[in-house]
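In: okay, predicted coordinates and the sequence, questions at the end:
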Amino acid sequence: MKKKKKSNKFLIRRILAILVIILLILGIRNGMYHLQISSQTKQIRLLFNNELTKLSNPIYVENSILYLSEEDVKNIFDDTIYYNKGDQELITTYNKHVAVLHQNENQMIVNDSVLGIYGQLKEIDSKIYLPISDLGIVYDVEMEYIDNSKLLIMDSTTKAKKKAMVLNDTKVKSSKLPFAMTLEKIRKR
């Protein structure tokens, strides 16, 4: 009888030890994920057509204008983008649009029409940056910047849009695992 009680106590201790180890592993994993997300949120992230896009250079914000590097614009929209250093002129194309921007000018030429813009073509850290906030008409995108989560959301206006409706309040999780971090909460409307 004593041996049975001892083996039951030993089994319970083992199960508790295993549970504690599992909880520690889950806590460490969630903590590491939280650290990774917090280090990423120092820089502005780009969500393009519902996918996080890896950028080569940071997005800058100046006077509520968002600036995207020439290299990143090339990777996302226009692989034939051209910058003429002598004239400080950038030519970019997308679908049926051709735009010309000059450094230190608050206007751009789009398909032979002169349009006023809020930002300017700039050189930052020896790289050319475009005022992406003003280029929605050129690249056929709608943009929204969420400052508190450092997220720039771009959606192509040429793609079909779909709306989703939730029947109950729900949470968007970081993964499908049961103990995944909650990224956002969506409320029923």
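Out: Yep, that arrived.
In: break this structure into its domains for me.
Out: 2-40+166-186, 45-156 (automatic domain parsing).
In: just those: most buried one?
Out: domain 45-156 (a mean of 16; mean count of other C-beta atoms under 10 Å). Where you see a C-beta, it was placed from the backbone N, CA and C, and this is true even at glycine.
In: how much space separates K42 from L135?
Out: 25 Å (C-beta to C-beta, to the nearest Å).
In: nope, N111 is what I meant
Out: Taken as C-beta to C-beta, the span from N111 to L135 is 13 Å.
In: mean pLDDT for the domains of the chain: which is lowest?
Out: Among those, domain 2-40+166-186 carries the lowest mean pLDDT, at a mean of 77.
In: distance between that domain and the chain's centre?
Out: With C-alpha atoms, centre = their mean, to the nearest Å as the basis, domain 2-40+166-186 stands 27 Å off its chain's centre.
In: again, but for stretch 176-189
Out: With C-alpha atoms, centre = their mean, you get 18 Å for stretch 176-189.
In: strand partners of the particular helix or strand that has M108 in it, parallel vs antiparallel please.
Out: Remark: M108 resides in strand 107-110, with elements defined by DSSP states H and E. Applying DSSP bridges, strand 107-110 is found paired with strand 97-102 (antiparallel), strand 113-116 (antiparallel).
In: what segments of the protein are helices?
Out: Counting by DSSP state H, the segments of the chain that form helices are 2-40, 70-76, 136-139.
In: could I get those in JSON lines, plus columns for distance to D169?
Out: Compiled in JSON lines, the helices of the chain are given as follows (distance: least, C-beta to C-beta, whole Å):
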{"stretch": "helix 2-40", "distance to D169": "22"}
{"stretch": "helix 70-76", "distance to D169": "34"}
{"stretch": "helix 136-139", "distance to D169": "32"}
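In: the ones you listed: which one's closest to M181?
Out: helix 2-40 (5.5 Å; C-beta to C-beta).
In: ok, back up a step: then the strand holding M108 to CSV, C-alphas only?
Out: Output in CSV follows, covering the C-alpha atoms of strand 107-110 (Å, rounded to 0.1, in the frame of the first residue of the first chain):
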residue,chain,number,x,y,z
GLN,A,107,4.5,69.2,-57.8
MET,A,108,4.7,66.3,-60.1
ILE,A,109,3.8,65.7,-63.8
VAL,A,110,1.4,62.7,-64.3
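In: mind listing residues that contact it?
Out: 97-101, 114-117, 134-135, 137-138 (C-beta atoms under 8 Å, 6 or more residues apart in numbering).
In: 7 Å - rerun?
Out: 97, 99-101, 114-117, 137-138 (C-beta atoms under 7 Å, 6 or more residues apart in numbering).
In: in a markdown table, list these along with distance to L167.
Out: Output for the contacts of strand 107-110, formatted as a markdown table (distance: C-beta to C-beta, whole Å):
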| residue | distance to L167 |
| --- | --- |
| H97 | 41 |
| A99 | 44 |
| V100 | 49 |
| L101 | 46 |
| V114 | 49 |
| L115 | 44 |
| G116 | 45 |
| I117 | 43 |
| I137 | 37 |
| V138 | 39 |
